[in-house]
Structure formats: structure tokens, C-alpha cells
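J.: Just need the structure, nothing else, for what follows:
(chains A and B)
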Amino acid sequence: MKKASWKHSRVILAVLVTLAAPVVAGAGDNGREAILAAYAAEAKASDPSFSGFSANRGETLFRSVRSGGDERTPSCTSCHTGDPRAPGRNAKTGRRIDPVAVSANVRRFTEGEKVEKHFARDCKSVLGRPCTVLEKGDYITFLEGQ
Amino acid sequence: MNVRKNAILMVAMVLTASPAIAGHDRVPPVRDPVVLRECGSCHMAFQPDFLPARSWERIMDGLADHFGEDASLPADVKGAIRAYLAANAGGAAGWRARGEATPERITGTPAFMREHRFPERVWRDPKVLTKSNCPACHSAAEKGLYDDD
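T.: Numbers count the residues shown, from 1 in each chain, chains lettered A, B, ... in the order given. Okay, the predicted model is just below:
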């Protein structure tokens, strides 16, 4: 009897885990889509000719080498490496950085506050100025496809 | 009489100061999830025991220019971190010996400098990158264990 009920609850647990898995994955996607939608609305408001974010522009931004920011971080790739699916390393502190590509790290770009905080810090560090909303949307769009 | 008084005073000072300047081979690890998340995002979340409370206060007051980085935080998060750091900070004495009274860099404290007298080539190792990269050499640094040298 005891054994049966344990078996029973294990089956329930297995079913719950199976059901929950897509929900958990979906929550991340929803968070990211909400962030992108908010950026899109902002982009449209500041430029009526805005016609969507571009993964290609995002990749160019990701790989370009700049001179306006901190000399230790002339590019996004200074910390994130040229392969967004690989772990990176903070060029100033040596701290490991989880991959920025969504395929390698499903939690990327799913929390609005965190995303804004890191854009604020990292754009200043690489570009020497805040990113535009177009740059932020392009960047996420590129890494969402990686 | 005066000589004896001074001698007693000196012994008392040494006894009082020694816990603060004693080795930091093992320090209490950071357990607060907010501190771990926010202070451990760009660098290791350094254990508060490594600096006196007045240093942490100064660091928390200057987050907009945190060693050249804008590490600003929302007021509530900042307040929670400040309280944790102050409550778990190192003792008040023993920091001035060779450094400043209110050091902002752990790497500039007398205890750190005493334990890290290495030739320049050690610091230039690409694995190290910067003196504040504790885990590069102390593999269990985040657990507060620094006695693996």
C-alpha cells in the first residue's frame, strides 16, 4: 500500500514535470518578447519609419570595434568572445560570463530590469554612451537567433 | 612607572589589534542572495570581513563611479546590501598600518599586501588579469577559503 502510493505520487510528479517544462521555457520567451515589444513601441514612437529590429544590425553591433568607451572593452566580444554561444570572461575582472546566445542560455533577456541595468553599464563601457533603443532591440534580436 | 604604563598600554594595543590584522585564510562566506547576485555579477562577491564598515559605506556611496564602472542600483537593493555589508564587516582597527584609514580596495589593505608579496610576473599572468580576481588562484574563494596557497 505504502509502496503503491509512493509509486503513484512519483507518476504524478513525472506528469507535472513534463507539463511544467514547456511552461517554464515559455515564460522565458514571453519575458523576452515583452521586452522586445516595449523596445519596438519606444522605437516606433521616436521614429515613425521604424520597421522592426534587425538581427544583422545586431550582429554588426556585437562584433564592431569601437573607441569611445573603456579601452579594455572596445567591443561586445571583448567579454562575450566572438562566439556568443560560448561562455565569456569579464575583461576587467576576469569573472566568467554565461553565454549571451539564447540557445545556450534560455534565461537571457527575460528580466526587464536586469536587461536595462546591463545595457546601461555595458553600452557605456563599450560605446562610451547609452545604447539607443534600436541598438538594444537589434542586439537582443541577433542573440535570440543564436 | 611611566615606562611600565606604556608597556602595558602597548601590549593591550597589540592584543586588541591582532584579530583585525590576523590572517584572512578563512572568512565567513556571503550568504545573502541579493548580495551574491548584485555584488557577484561583474566580479566575485567579496566577503565583507575584508574591509571595515566605514569602507563599505564609502563604496556604497560611490556606486555611480565604482572603480570606473557605473554600478548604480535601485535604492531598496542598495539599502539591503549596505546593511548586510555593515553588519558583516571586518573590525574597525588595523587597517591603517600601511594603507589608508578607509581603504576602498581590499588589495590595498595591510593584510592583503602581507599575504601577496609576489613578483610582477605573477600578477601579469593572463589567468589572473587583476589583483581582485581572487578565484584565479584561490579556487574556493567564494566559499571564504583562502588557505590554499
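
J.: Can you pull the residues of chain B lying near chain A?
T.: Contact residues, chain B versus chain A (Cβ under 8 Å from any Cβ of the partner chain): B:42-44, B:68-72, B:74, B:127-130, B:132-133, B:136. C-betas here are computed from N, CA, C, even on glycine.

J.: Generate a ChimeraX selection restricted to the buried entries among those.
T.: With 16 or more other Cβ atoms under 10 Å in any protein chain shown as the burial test, the buried ones among the residues of chain B next to chain A are selected in ChimeraX as follows:
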select /B:42,43,44,69,71,128,129,130,132,133,136
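
J.: Which secondary structure element is home to the nearest residue to A:Asp98 once chain neighbours are set aside?
T.: Once flanking residues are discounted, A:Asp98 sits nearest to A:Asn105: 5.1 Å by Cβ to Cβ, 6 or more residues apart in numbering or on different chains. Here A:Asn105 is covered by no helix or strand, with elements defined by DSSP states H and E.

J.: how many neighbours does A:Asn105 have?
T.: Per other Cβ atoms under 10 Å in any protein chain shown, the neighbour tally for A:Asn105 reads 18.

J.: ok, it touching A:Pro99?
T.: Yes - taking Cβ atoms under 8 Å as the definition, A:Asn105 is a contact partner of A:Pro99 at 4.7 Å.

J.: A:Lys44 and A:Ser51, how far apart?
T.: 9 Å (Cβ to Cβ, to the nearest Å).

J.: cool, B:Arg121 as well?
T.: Remark: distance between B:Arg121 and A:Ser51 (Cβ to Cβ) = 55 Å.

J.: Likewise for B:Pro74?
T.: For B:Pro74, the distance to A:Ser51 - Cβ to Cβ - is 34 Å.

J.: Dihedrals phi and psi, the residue nearest the centre of chain B?
T.: With distances taken as Cα atoms, centre = their mean, the residue of chain B nearest its centroid is B:Phe50 (2.4 Å). The phi/psi pair for B:Phe50 (degrees, to the nearest 10) reads phi -80, psi -10.

J.: Let me know the pLDDT of it.
T.: Listed pLDDT for B:Phe50 reads 95.

J.: And for the residue nearest to it when sequence neighbours are not counted, the neighbour number?
T.: Spatial nearest neighbour of B:Phe50, excluding adjacent residues (Cβ to Cβ, 6+ apart): B:Ile106 at 4.5 Å. B:Ile106 has 19 neighbours, counted by other Cβ under 10 Å.

J.: can I assume B:Ile106 is in contact with B:Pro48?
T.: No - B:Ile106 lies out of contact with B:Pro48 (Cβ under 8 Å); the separation is 10.3 Å.

J.: can you give me the strands in chain B?
T.: Under the criterion DSSP state E, chain B contains no strands.

J.: Flag the shaky bits of chain A, pLDDT-wise.
T.: Along chain A, the model assigns pLDDT under 70 to residues A:1-27.

J.: List, one by one, the residues from chain A near chain B.
T.: A:Asp70, A:Asn90, A:Ala91, A:Lys92, A:Thr93, A:Gly94, A:Arg95, A:Glu113, A:Ala120, A:Arg121, A:Lys124, A:Ser125.

J.: can you pull the contacts of the residue lying closest to B:Asn88 once chain neighbours are set aside?
T.: In this structure, B:Asn88 finds its nearest non-sequential neighbour in B:Pro48, 4.0 Å apart by Cβ to Cβ, 6+ apart. Contact analysis of B:Pro48 by Cβ atoms under 8 Å, 6 or more residues apart in numbering or on different chains lists B:Val30, B:Trp56, B:Tyr84, B:Leu85, B:Ala86, B:Ala87, B:Asn88, B:Ala89, B:Gly90.

J.: out of the residues you listed, who's nearest chain A?
T.: Among these, B:Val30 lies closest to chain A (Cβ to the nearest Cβ), at 14.7 Å.

J.: from memory that closest one sits against B:Leu36, does it?
T.: Yes - with contacts counted by Cβ under 8 Å, B:Val30 reaches B:Leu36, the gap being 5.6 Å.

J.: what touches both of those two?
T.: B:Ala45.
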